[in-house]
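Colleague: Provided below for reference: sequence and predicted model.
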Number of protein chains: 2
Amino acid sequence: MSLLSIGTIAYDDVFTPYGEARMIEAGSCTYIAMAATYFVQPVQLVSVIGGDYNQEFLDDLQERGADLEGVEVVPDGKSFFWAGRYHDNMMGRDTLETQLNVLADFNPKLPQSYRNTDYVMLGNLSPQVQMTVIEQMETRPKLLALDTMNFWMDIAMDELKQVLKRIDMLIINDEEARQLSGELSLLKAAAKIVEMGPEILVIKKGEHGALLFKGDRVFSAPALLLPKVVDPTGAGDTFAGGLMAFLAGTDDTSFDNLKRAVIHGSAMASFVVEDFGTRRMQNLDAAQIRGRVQQFVDLMKVDV
Amino acid sequence: MSLLSIGTIAYDDVFTPYGEARMIEAGSCTYIAMAATYFVQPVQLVSVIGGDYNQEFLDDLQERGADLEGVEVVPDGKSFFWAGRYHDNMMGRDTLETQLNVLADFNPKLPQSYRNTDYVMLGNLSPQVQMTVIEQMETRPKLLALDTMNFWMDIAMDELKQVLKRIDMLIINDEEARQLSGELSLLKAAAKIVEMGPEILVIKKGEHGALLFKGDRVFSAPALLLPKVVDPTGAGDTFAGGLMAFLAGTDDTSFDNLKRAVIHGSAMASFVVEDFGTRRMQNLDAAQIRGRVQQFVDLMKVDV
């Protein structure tokens, strides 16, 4: 099995109460790939970068099992750049700067070898760009998952709704679920969102865990309690990457396995926030990941 | 076994986006008693009311298994009154009015029959009043639990810290845990709070469930997803009442049973918010409660 992922490969400047990191390798596709390659290979990436991107980092990604054939390089262009500062309580952040650069004209072309992949993760990009990927698939993926954000709901709701009709699973946060559905109750929100298209809905709640909905079944995954969150950037992408890669690696989309996938995605997200950028994910091993997964299981073990 | 509970017996006016209810029977002791009598009897109440309180409601409480010997009646006095309005998103509320009335001079006297009770719930009142109850106990309770709020941290932190040294279990919300400890991470907050006295800590997270800490063990209980929350008032007291009464009824404070108690408290809280005041709790039966508990268990069932 393999996983196809579209998203950004970016440079970030991140400022938090614990310090700062500048020009670190980031972006949704990067976080997804770093998490996903622990569970499935290859992870086929679709993105765009400028000639300025760190070749050593890209080589490392490739060694981990990422397929970079779908990453377009614009030699004279600059890579997407984002800078943000987290609030003192780490619960919110302000964007300091966004330079779209090569992302402004991104028109993804899927290599032939990507067009029959069964598991597809459409990372957070404009619904139009996400749709072009769907339309280039030659066979209908087994599982087509999508991430989006309130920004696209504000400026491209109609296009987003067209994409929602085509996907199997939507992965968004609680605030986005409320905005998309117009419902305060996440139970009602989930019911409305499922009517828009995706059979499966995952609602990320940050430090409060995640919810999984499919049909009338619901699973509530806790969040691990961490002594310190250094940098929350990319936690959602890492979660989605781990989740989708676990599904692709096991090739099983039953509800029981979806629950396991949510826990594995949560475990990867719990690692990534412990350091800036993707640093914490660079040297994990299977035992560490299993140990973290077990911590989640222990957190919710109850015998009533 | 029996449970002793101190707290307010009040009248509330509550305004929510779903409607309003005026002069309803409320207060921490009332919510605790309504939830607790489903699991243990008698529930010995310590509170104060004016001559204006609804005798029919008190008679009903007594029939349910509440012992009202410790409820002081001030014939010429008026009962404690609180009025509040919930915000449109139900996530916050404004206090419109507080009349302490008979509560202003409340100096609880424990009846002789209450002084050797093994399970004691000190509902949210001033630390000084909570301390006078502790001091009137003739034998050290098996489990002494306390609720408090940020108001007391603001104006009586020293007194609160004295009380914390004397108790076994603290039940507070996440915001209060952060204020009490000065820590953002709930894991660090829990470690600091346990050093202040209570061996067991329960952190309520409202729509995100609850956390239980004892030693190095942690349990994360989910919240049930409800289609509609009509009135969140008293949810925390109901949770604490159900939790403590479950422990008293089973007379077992092992970590496994503490987890069960958290689920039973959560189940009771999930009922109470479905209607104004204590209405939803007035006609529950054992099968309904078991069914609700099972919903919590199903929410977090995972086979990894």
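Modeller: Nice, I can see it.
Colleague: contact partners for the residue nearest to A:Tyr114 when sequence neighbours are not counted?
Modeller: In space, and not counting its chain neighbours, A:Tyr114 is closest to A:Gln44: 4.8 Å by CB to CB, 6 or more residues apart in numbering or on different chains. Any C-beta I mention is one placed from the backbone N, CA and C, and that applies to glycine too. Applying CB atoms under 8 Å, 6 or more residues apart in numbering or on different chains, we find A:Gln44 in contact with A:2-5, A:66-67, A:69-70, A:111, A:113-114, A:117.
Colleague: host element of A:Gln44?
Modeller: Per DSSP states H and E: A:Gln44 is located in strand A:43-50.
Colleague: mind listing what's buried in stretch A:207-221?
Modeller: Buried positions in stretch A:207-221, judged by neighbour count with 16 or more other CB atoms under 10 Å in any protein chain shown: A:207-214, A:218-221.
Colleague: got it, and stretch A:120-137?
Modeller: For stretch A:120-137, the neighbour count (16+ other CB under 10 Å) marks A:120-127, A:129-134, A:137 as buried.
Colleague: how about the residues of chain A that lie near chain B?
Modeller: Proximity of chain A to chain B, by CB under 8 Å from any CB of the partner chain, involves residues A:89-90, A:184-188, A:190, A:205, A:208-209, A:211, A:218-223, A:225-229, A:256, A:259-260, A:263, A:293-294, A:296-297, A:299-304.
Colleague: are any of the residues you listed buried, and if so which?
Modeller: Buried members of the residues of chain A next to chain B, counted by 16+ other CB under 10 Å: A:90, A:184-186, A:188, A:190, A:205, A:208-209, A:211, A:218-223, A:225-226, A:229, A:259-260, A:263, A:293, A:296, A:299-300, A:302.
Colleague: what's the most distant pair in the buried residues of stretch A:207-221?
Modeller: Greatest spatial distance in those: A:Glu207 and A:Lys214, 24.0 Å, computed using CB to CB.
Colleague: in chain A, which residue is closest to the centre?
Modeller: Compute the mean C-alpha point of chain A, and by CA atoms, centre = their mean the closest residue is A:Asp237, 2.5 Å away.
Colleague: tell me how far that one lies from A:Met34.
Modeller: 9 Å (CB to CB, to the nearest Å).
Colleague: count the residues that sit near the closest residue to A:Asn116 other than its chain neighbours.
Modeller: Spatial nearest neighbour of A:Asn116, excluding adjacent residues (CB to CB, 6+ apart): A:Thr139 at 4.8 Å. Neighbour count of A:Thr139, defined by other CB atoms under 10 Å in any protein chain shown: 9.
Colleague: Three-state assignment for A:Thr139, please.
Modeller: Using DSSP: H, G, I helix; E, B strand; the rest coil, the structure places A:Thr139 in coil.
Colleague: I'd assumed A:Tyr114 was in contact with it.
Modeller: No: counting by CB atoms under 8 Å, A:Thr139 does not reach A:Tyr114; the two are 11.4 Å apart.
Colleague: which neighbours do these two have in common?
Modeller: Here A:Thr139 and A:Tyr114 have no joint contacts, going by CB under 8 Å, 6+ apart.
Colleague: ok and the residue in the stretch 51-200 of chain A nearest chain B?
Modeller: Nearest to chain B in the stretch 51-200 of chain A, going by CB to the nearest CB, is A:Leu187, at a distance of 4.0 Å.
Colleague: what about that residue, which helix or strand?
Modeller: helix A:186-195.
Colleague: for that helix, name the packing helices and strands.
Modeller: Packing contacts for helix A:186-195, counted by 3 or more CB pairs under 8 Å, 6 or more residues apart in numbering or on different chains; DSSP states H and E, involve helix A:174-181, strand A:200-204, strand A:210-214.
Colleague: model confidence for the residue nearest to A:Asn116, exactly?
Modeller: pLDDT for A:Thr139: 97.
Colleague: repeat that for A:Met34.
Modeller: For A:Met34, pLDDT reads 98.
Colleague: tell me the angle of the host helix or strand of it relative to strand A:43-50?
Modeller: Element membership for A:Met34 (DSSP H and E) is helix A:28-36. Orientation note: helix A:28-36 sits at an angle of 150 degrees relative to strand A:43-50 (axes from the mean of the first three to the mean of the last three CA atoms, to 10 degrees).
Colleague: quick one: contacts of helix A:28-36?
Modeller: By CB under 8 Å, 6+ apart, the surrounding residues in contact with helix A:28-36 are A:3, A:5-10, A:43, A:45-47, A:61, A:64, A:66, A:121, A:123-125, A:147, A:234, A:237-242, A:244-245, A:248, A:265, A:268-269, A:272, A:278, A:281-282.
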